[in-house]
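Trainee: Structural data only, the sequence is not supplied:
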Ligand code: H2B
């Protein structure tokens, strides 16, 4: 199930498939900073990510300052990481790279 809490080993395996994301010290979330050329590109990225998040019914914790977007992903319902966090992370990586 996508919303089942992943154990440490499963998190480590999925994290190895991502670049630029780091695991929080408590192991309950992953985060990445995205940098764009300007605010317009940052906001376009956020728009695409927001639509994907709605489709997945899985939403990022994030903040934006000008051309920087800081993203933290975790699954609030289980108090940790699930497959959905890694799915959204991959989509966000893709949106940031094209
Ligand atoms: N997003 C995140 N990041 N974690 C959740 O646990 C979560 C969510 N739960 N989006 C969803 C919505 C839940 O509240 C709804 C009712 O499906």
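Mentor: The structure has been received and is ready for your questions. Computed from a predicted model, the values in this text were never measured in an experiment. Residues are numbered from 1 along each chain as shown.

Trainee: Which residue lies nearest the spatial centre of the protein?
Mentor: By Cα atoms, centre = their mean, the mean C-alpha position of the chain lies nearest to residue 89, the distance being 3.7 Å.

Trainee: Make sure it is actually in contact with residue 31.
Mentor: No. With contact defined as Cβ atoms under 8 Å, residue 89 does not reach residue 31; the gap is 9.6 Å. To be clear about C-beta, it is placed using only N, CA and C from the backbone, and glycine gets the same treatment.

Trainee: Next, the buried residues of stretch 62-75.
Mentor: 62, 64, 67, 69, 71, 73-75 (16 or more other Cβ atoms under 10 Å).

Trainee: coming back round to it: what pLDDT does the model give the residue nearest to the centre of the chain?
Mentor: If you check residue 89, the pLDDT there is 98.

Trainee: circling back: could you list which of the buried residues of stretch 62-75 also contact the ligand?
Mentor: Taking Cβ under 6 Å from any ligand atom as the test, the ligand is in contact with residue 75 out of the buried residues of stretch 62-75.
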